[in-house]
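1. Sharing a sequence plus its predicted fold:
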Amino acid sequence: MMLHIAKDPQPAALATLVERRAVGQQRWLAAGLPTGRLESWKHTSLRPMTRAMDGVVPRDVVPGDVVPSGETTDAAMPATQLDVTPLEGTVGTLVLINGRLNLALSVVPEGLSVVDLSLSTPDTVGTIAPIDRLEDALSARNLADFDRGVALLLDANVVIAGPVELRYLHDGAARATESRSLIQLAHHAELSLVERHLSPDGGVHLCNHVVEVDLAAGATLRHTQVQHQSEAAFHLAKVAVRQARDSRYEAQVAQFGAAIGRSDIEVFLAEPGASCQLDGFYHGHGAQHLDNHSAIHHLAGNTTSGEHYKGVLDDSATGIFRGNVLIYPNASGCATVQLNRNLLLSDRATVHTKPQLEIDNDDVTASHGATVGQLDDDALFYLRSRGIPTEEARRLLIFAFAGEIVAKVTLPALQQQLRDELTQRLAGL
Amino acid sequence: MLQIRNLKVKVGGKDILRGLDLDIPTGEVHAIMGPNGSGKSTLSYALAGRDGYDVTGGEVTFDGKNLLDMETDERAREGVFLAFQYPVEVPGVSNKVFLKQALNSIRKHRGEEELDAVGFLKLFRAKLKTVKMDPTLAGRDVNHGFSGGEKKRNEILQMAMLEPKLAILDETDSGLDIDALKAVSAGVNALRDPTRSILMITHYQRLLDYIVPDRVHVLLDGRIVKSGGKELALELEARGYDWIRAEQA
């Protein structure tokens, strides 16, 4: 079997960022918005987005067209919408308004270097997230056009004492933003990072966001990603991770918001001993469409990966899980576990789940599975037979289902917020 | 406490209870015995209000109220408790959270103040002692990974916590070794009370050595066909059910 993607996570030697941006522009103009003709976009149509964002996102891209990016001047966000209170237990908070860093509202912890990408850009930006595939046209567009975001750089052996939050506040001015972050950890550095996307005013906007993570030998990143934008908004996020020897990447993804939310994580386990664990939870209601994609490339031997996503879908919401684990010909001694479980609370809710393994090596331990089900009638009857009202019993069972993933969020204040959010969303059951 | 008149129940379109009559006065302990397929579990589930157990006729009056009009959880709040033959595992829900929620739902219904965490734990620890249950086990997820005996003990712990007016024990003795049977029986006996009625549903007489009933009823083909004192259980153990069937014919 021939593996058809990404032989090398580092695209061909493109010396400068300017050159890479130009290639990104070409890719984007050639490919345009992804459509259902692509396997990885089969179940996610961006048509509702182009309709809602008329004039901001092009309906069709004709090669040679110049595609306008989002507005470059941000209207000031009203102070009432600026929730900049730090999460308890964090040691730093960087506030980004419509993707643009606002240093005055931010607290930067000691030991962490922060670069405002709207002012200057490290040369390493754009070397990890793939842009040479049709599926990744949005990453290409982002590379071509991003004009905001941050780079977080940690020197070797530096361990930041507590979690740092990147808080993205989006307004509803129907703008499309191209934001990017680069998280670069030198060898044996450690960071717990929380990225939260919030839209306080509940309006329409599109956030096309790319995160590049570069972990040197022995580095560890815990990366909690909370997508909690307005349910009229559109969130398209690509996270690309390159891992050197013995590095560790842990992601906890929570998707609650957006009309269309897509979390796409791609990990390149490039050297022996590298490991990653991706955990995700999504709760969709109304007509929300929450898409969770991932690809884990075992490029080197003795690399391990694990993936555990759970979804709860109500009303006419749609949930998608597609996880691709690829084990390359020379990668012996790899281990991977992949599991996706879904709970459908309504007969109009939909889930598409596709865990996938592509193995080009015999010396591998791999398991994968997916389930789609409803609340357990026996358990529901049991709880009710003890006097617990039906709605409360349903909530208890949904919490029990979600709890396993929510518990992976190690920051207590954030874990509590996620539980509260879930409680609130389940209140109408 | 409980009056059942001409109760008819279908399961999966099949008639299982075919006109069952039963009276359990307040404070009494009754046992229903019967061979497999006679409708014992159907009776317990129908009284608890489980979906799929369709009542097609008859009346059930509980504490002066029409039980069949109530939802499952309402029946429990009114004071009906079913100890399951096969208690359900609920991974992810801690036994304490579950019991606190159940207890407070019932207390609220009775017009009593809800217990806070401290008050709940105090009661919980006291009741653990009466059923001799391992406290670490009791704090885990509901029945998850429990042995058969532990599950039954957990049922009795719940019963002790929730203090029902009517407890229905559905084959509580099944799958128990003698030590577990003694412990569970002691827990039930501790709950015997002039204000509480207990209905034991069992296949075997041995449970009745430990929990001595006031009355014994024989359930056959969906009807109570014979009632008597505790000595009836011994007779059933010795002679089986065929002689009763013969009497009926």
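-> Looks like it came in fine. Numbering: from 1, shown residues only, chains lettered A, B, ... in the order given.
2. Is any residue of the lowest-mean-pLDDT helix or strand in chain B near chain A?
-> Ranked by mean pLDDT, DSSP states H and E, the weakest helix or strand in chain B is helix B:135-138, scoring a mean of 81. No - Helix B:135-138 stays clear of chain A (Cβ under 8 Å from any Cβ of the partner chain), getting no nearer than 15.0 Å. The way it works is simple: take the backbone N, C-alpha and C, and place the C-beta from them, glycine included.
3. now that helix: how far from the chain's centre is it?
-> 23 Å (Cα atoms, centre = their mean, to the nearest Å).
4. next helix or strand past it?
-> strand B:141-142 (DSSP states H and E).
5. Show me which residues of the very next helix or strand once past that following strand are buried.
-> Moving toward the C-terminus from strand B:141-142, the next helix or strand (DSSP H and E) is helix B:148-162. For helix B:148-162, the neighbour count (16 or more other Cβ atoms under 10 Å in any protein chain shown) marks B:149-162 as buried.
6. Export these to TSV and append columns for distance to chain A and pLDDT.
-> Listed next are the buried residues of helix B:148-162 as TSV, based on distance: Cβ to the nearest Cβ, whole Å; pLDDT from 0 to 100:
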residue	distance to chain A	pLDDT
B:149	18	86
B:150	16	89
B:151	11	92
B:152	14	91
B:153	16	90
B:154	11	92
B:155	10	94
B:156	13	92
B:157	12	93
B:158	6	95
B:159	10	94
B:160	13	93
B:161	9	94
B:162	7	95
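7. Now render those residues as JSON lines, adding distance to residue A:254.
-> Shown next, in JSON lines, are these (distance: Cβ to Cβ, whole Å):
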{"residue": "B:149", "distance to residue A:254": "40"}
{"residue": "B:150", "distance to residue A:254": "35"}
{"residue": "B:151", "distance to residue A:254": "34"}
{"residue": "B:152", "distance to residue A:254": "39"}
{"residue": "B:153", "distance to residue A:254": "38"}
{"residue": "B:154", "distance to residue A:254": "33"}
{"residue": "B:155", "distance to residue A:254": "36"}
{"residue": "B:156", "distance to residue A:254": "40"}
{"residue": "B:157", "distance to residue A:254": "35"}
{"residue": "B:158", "distance to residue A:254": "34"}
{"residue": "B:159", "distance to residue A:254": "39"}
{"residue": "B:160", "distance to residue A:254": "39"}
{"residue": "B:161", "distance to residue A:254": "35"}
{"residue": "B:162", "distance to residue A:254": "36"}
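8. Can you tell me the SS state at residue B:97?
-> Secondary structure for residue B:97, judged by DSSP: H, G, I helix; E, B strand; the rest coil, is helix.
9. residue contacts, it?
-> If you count contacts by Cβ atoms under 8 Å, 6 or more residues apart in numbering or on different chains, residue B:97 has them with residue A:396.
10. What is the neighbour count of residue 38?
-> The chain I'm using is chain A. The tally of other residues near residue A:38 (other Cβ atoms under 10 Å in any protein chain shown) stands at 14.
11. actually it's chain B I care about, not the one you picked
-> A total of 22 residues lie near residue B:38 under the criterion other Cβ under 10 Å.
12. I'd like the distance between it and residue B:224.
-> The gap separating residue B:38 from residue B:224 is 10 Å, by Cβ to Cβ, to the nearest Å.
13. Bridged to the residue of the stretch 101-250 of chain A found nearest chain B, which residues?
-> Proximity to chain B, evaluated over the stretch 101-250 of chain A using Cβ to the nearest Cβ, is greatest for residue A:224 at 20.9 Å. For residue A:224, the residues forming beta bridges with it (DSSP bridges) are residue A:194, residue A:252.
14. That one reaches residue A:252, doesn't it?
-> Yes - using Cβ atoms under 8 Å, residue A:224 is in contact with residue A:252, at 4.6 Å.
15. Can you pull the residues that touch both of those two?
-> residue A:409.
16. residue boundaries of the helices in the stretch 251-400 of chain A?
-> A:377-384, A:390-406 (DSSP state H, counting those that start in this stretch).
17. looking at those, which is closest to residue A:314?
-> With Cβ to Cβ, the closest approach to residue A:314 among the helices of the stretch 251-400 of chain A belongs to helix A:390-406: 9.3 Å.
18. In terms of secondary structure, what does that closest one contact?
-> On a contact count with 3 or more Cβ pairs under 8 Å, 6 or more residues apart in numbering or on different chains; DSSP states H and E, helix A:390-406 meets strand A:275-284, strand A:304-313, strand A:334-344, helix A:377-384, helix A:412-426, strand B:90-94, helix B:95-110.
19. Hey, what's the angle from it to strand B:90-94? Just curious.
-> 90 degrees (axes from the mean of the first three to the mean of the last three Cα atoms, to 10 degrees).
20. Would you mind measuring the gap between the ends of stretch B:51-69?
-> Length of stretch B:51-69, first residue to last, Cα to Cα, to the nearest Å: 13 Å.
21. And the helices in chain B?
-> B:40-48, B:72-78, B:95-110, B:117-131, B:135-138, B:148-162, B:178-190, B:207-210, B:231-239, B:242-248 (DSSP state H).
22. Show me what residue of chain B gets nearest to chain A.
-> residue B:92 (2.7 Å).
23. any idea which element residue A:181 lies in?
-> strand A:173-185.
24. Could you do residue A:217 as well?
-> With DSSP H and E as criterion, residue A:217 is part of no helix or strand.
25. got a list of what it touches?
-> With Cβ under 8 Å, 6+ apart, residue A:217 has these contacts: A:187, A:188, A:244, A:245, A:246, A:247, A:271.
26. which residues does the residue nearest the centre of chain B form a beta bridge with?
-> The centroid of chain B falls nearest to residue B:168 when counting by Cα atoms, centre = their mean (1.9 Å). When bridges are called by DSSP bridges, residue B:168 pairs up with residue B:82, residue B:199.
27. Please consider this matter closed, and thank you.
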